[in-house]
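Q: Below are the sequence and a predicted model for it; my questions follow.
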Amino acid sequence: MTPHKNTRRAAALVATAAMVVVGVQAGSASGAPGRADGPTPAPTGVSARDAAIKSAQADATSAAGALGLGAKEKLVVRDVIKDADGTVHTRYERTYDGLPVLGGDLVTHTAKNGKFRGVDKANDARISVATTDAVRKAAAGARKVIWAANGKPVLAFETVKTGVQKDGTPSKLHIVTDAATGKKLHQYEAVETGTGASQYSGEVPLSTTKSGSGFELTDGERGGHKTYDLNQGQSGTGKLLTDDDDKWGSGTNDDRQTAGVDAAYGAAMTWDFYKTELGRNGIADDGKAAYSRVHYGQSYVNAFWDDDCFCMTYGDGEGDKKSLTELDVAGHEMSHGLTSRTAKLEYSGESGGLNEATSDIFGTSVEFFANNKKDVGDYLIGEEIDINGDGKPLRYMDKPSKDGKSLDAWKAGAGDSDVHHSSGIANHFFYLLSEGSGKKTINGVDYDSPTSDGSTVTGIGREKAYKIWYKALTTYMTSTTDYKAAREATVKAANDLYGADGAEAKTVAAAWGAVNVK
């Protein structure tokens, strides 16, 4: 992968951006990431976030010039975050001669006084091609792009093939081909999948909406999240779940409402986790909810996030007997939406492993946050659904290789593994950062986490760990971040949050070293 770091100074960069505020992420040694009051007032009817993005976009031309971008390059603002210390992080997409640049995204960092602190790029290569006129004819429906995710940028075509994956999950396969030679340069699956545990979380509170003489499963307290029953269909939204007396489900799979209860509860806990712990107002940070669909397909043993509909979808498991709507599954799927709205980690190679790990990390964090007595927090993924038929979890964070496939530590070629297996490297890092190495029992579950270098790691606690990961994801990672760059991003995040070269940053480095990311 190409470098992600560029320390070139550009004093004039984002002088305007320093004055725009989406919200505040705490950045002092005593702080924790979160939004707070104090943003520049937005015009009536316009959110502070939208106003900040609009203001930064107005200055995008001067920002591009300060970065030394070419005359044919333009920046498109995707997000603006302001830390408690006044540092502004502006995330951009890039175009070249009007064409989207895949792998051209970057994040600039500017101090409160307007001094340029640096930029993280998906690719440091200069964006330039000899011509934007393609020699070969594009396939039907293809779009012309600049492929710059690795190596020298080239003119390319991107096509999207829709269909069904082997397990019944919808497929939206993106294929990038060289516009001159027709050679396939890259492909990735846009429908991001995950698996989880039982639908049973016991008696749980639900926020519903009165409708006529009954109620509908619409959460008016959390951006209007709706839960639909697909009735074994595979398209559309299905039917909004309703109930006469506001007493939903029976706790058994025989009642079709039960899966909807768990999906709605999981979405609510995920919303609350992001807002309470990280100051994020919804997955896209715009106060609007995603939505959930349950009872997808026939005997579908999976769940997935689709960014096009901005929704989560859950199957009913083998024989339609056990819906995959457990708490950490909801957190996992919604967190794919978080990644798509921030770093946009590409769903292949090492960045794909980091994408999946991000969802495991936050899905696990949601489960601990909910503090549900029937589905207690743990570092096991899919521990109750018995998807393999052997009573074992699908994945383990303390020692990922216990599933027989996942990686405990980085090695050459790690990016060639399935993203659900290469994610083990970051999952293991997160466990070590949170809890440390060696034997311990947490919430009744025994763990024994090794290190690849024989070192002993003392954890800093789960709360600090997930706040560091969130900070790194939202302000330093880009679409092509690999494991080495993830180490750099999390060290910088720890320095921002808890003080430069503090115990937290040192433990971050030690935990990465323990999974052979150096």
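A: Structure received.
Q: what about the nearest residue to Leu106 once chain neighbours are set aside, neighbour count?
A: The spatial neighbour of Leu106 that comes closest, neighbours along the chain excluded (C-beta to C-beta, 6 or more residues apart in numbering), is Lys121 at 4.4 Å. Placement of C-beta: from N, CA and C, glycine included. If you count neighbours by other C-beta atoms under 10 Å, Lys121 ends up with 23.
Q: Where do the helices of this structure begin and end?
A: All helices of the chain, identified by DSSP state H, fall at 48-58, 60-66, 257-278, 327-341, 349-370, 419-435, 462-475, 483-498, 503-514.
Q: what distance separates the fourth one from the centre of its chain?
A: Using C-alpha atoms, centre = their mean, to the nearest Å, we find the averaged C-alpha position of helix 327-341 to lie 6 Å away from the chain's own average C-alpha position.
Q: right, and the helices of the chain - which one's nearest Leu102?
A: Comparing the helices of the chain against Leu102 with C-beta to C-beta, the closest turns out to be helix 349-370 (12.5 Å).
Q: Please save the CA atoms from that closest one in PDB.
A: The C-alpha coordinates for helix 349-370 follow below in PDB (Å, rounded to 0.1, in the frame of the first residue of the first chain):
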ATOM      1  CA  GLY A 349      -7.400  -6.200   1.400                       C
ATOM      2  CA  GLU A 350      -6.100  -4.900   4.700                       C
ATOM      3  CA  SER A 351      -8.500  -1.900   4.600                       C
ATOM      4  CA  GLY A 352     -11.400  -4.500   4.400                       C
ATOM      5  CA  GLY A 353     -10.100  -6.300   7.400                       C
ATOM      6  CA  LEU A 354     -10.000  -3.000   9.300                       C
ATOM      7  CA  ASN A 355     -13.600  -2.300   8.100                       C
ATOM      8  CA  GLU A 356     -14.900  -5.600   9.500                       C
ATOM      9  CA  ALA A 357     -12.900  -5.100  12.700                       C
ATOM     10  CA  THR A 358     -14.400  -1.700  13.200                       C
ATOM     11  CA  SER A 359     -17.800  -3.200  13.100                       C
ATOM     12  CA  ASP A 360     -16.800  -6.000  15.500                       C
ATOM     13  CA  ILE A 361     -15.100  -3.500  17.800                       C
ATOM     14  CA  PHE A 362     -18.200  -1.200  18.000                       C
ATOM     15  CA  GLY A 363     -20.700  -4.100  18.000                       C
ATOM     16  CA  THR A 364     -18.900  -5.500  21.000                       C
ATOM     17  CA  SER A 365     -18.800  -2.100  22.600                       C
ATOM     18  CA  VAL A 366     -22.500  -1.700  22.100                       C
ATOM     19  CA  GLU A 367     -23.100  -5.000  23.800                       C
ATOM     20  CA  PHE A 368     -21.100  -4.000  26.900                       C
ATOM     21  CA  PHE A 369     -22.700  -0.600  26.900                       C
ATOM     22  CA  ALA A 370     -26.300  -2.000  26.900                       C
END
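Q: in that helix, what's buried?
A: 349-370 (16 or more other C-beta atoms under 10 Å).
Q: where does the stretch 51-200 of the chain dip in pLDDT?
A: Scanning the stretch 51-200 of the chain for pLDDT under 70 picks out 167, 192-200.
Q: Can you show me the strands along the stretch 101-250 of the chain?
A: Assigned by DSSP state E, counting those that start in this stretch, the strands in the stretch 101-250 of the chain fall at 106-110, 116-121, 143-147, 154-164, 170-178, 184-189, 192-194, 209-211, 214-216, 218-219, 225-229, 239-240, 242-243.
Q: what lines up beside the first one in the sheet?
A: Strand 106-110 sits in its sheet next to strand 88-96 (antiparallel), strand 116-121 (antiparallel), going by DSSP bridges.
Q: Let me know which of these is tucked in deepest.
A: Neighbour counts (mean count of other C-beta atoms under 10 Å) averaged over each of the strands paired with strand 106-110 peak at strand 88-96, with a mean of 24.
Q: Relative to the whole chain's centre, how far out is it?
A: Per C-alpha atoms, centre = their mean, the centroid offset for strand 88-96 relative to its chain is 18 Å.
Q: Please apply the same query to stretch 136-151.
A: Averaging C-alpha positions (C-alpha atoms, centre = their mean) puts stretch 136-151 25 Å from its chain's average.
Q: What of stretch 313-322?
A: 24 Å.
Q: Just the endpoints, please. Distance across it?
A: 14 Å (C-alpha to C-alpha, to the nearest Å).
Q: which other residues reach that stretch?
A: 168, 198-199, 230, 232, 253, 259, 263, 292-306, 323-325, 329, 385 (C-beta atoms under 8 Å, 6 or more residues apart in numbering).
Q: Now the buried members of those.
A: Buried among the contacts of stretch 313-322 by 16+ other C-beta under 10 Å: 168, 198-199, 230, 253, 259, 263, 292-297, 300-306, 323-325, 329, 385.
Q: wait, doesn't Val154 sit right on Leu185?
A: Yes - using C-beta atoms under 8 Å, Val154 is in contact with Leu185, at 7.3 Å.
Q: Can you work out which residues contact both of those two?
A: 147, 178.
Q: still on that earlier bit, isn't the residue nearest to Leu106 up against Thr108?
A: No - using C-beta under 8 Å, Lys121 makes no contact with Thr108, being 9.6 Å away.
Q: thinking Ala64 is in contact with Lys74, fair?
A: Yes - the pair Ala64 and Lys74 passes the contact test of C-beta under 8 Å, sitting 6.5 Å apart.
Q: Tell me the predicted confidence for Glu203.
A: pLDDT recorded at Glu203 is 86.
Q: With Val457 instead?
A: Val457 is given a pLDDT of 98.
Q: Could you shift the numbering so residue one becomes 507, and keep it that way?
A: Happy to do that; since the first residue is 507 now, the last one works out to Val963.
Q: roughly how far apart are it and Thr1013?
A: Remark: distance between Val963 and Thr1013 (C-beta to C-beta, to the nearest Å) = 7 Å.
Q: Gly910 now?
A: Taking C-beta to C-beta, one finds Gly910 at 29 Å from Thr1013.
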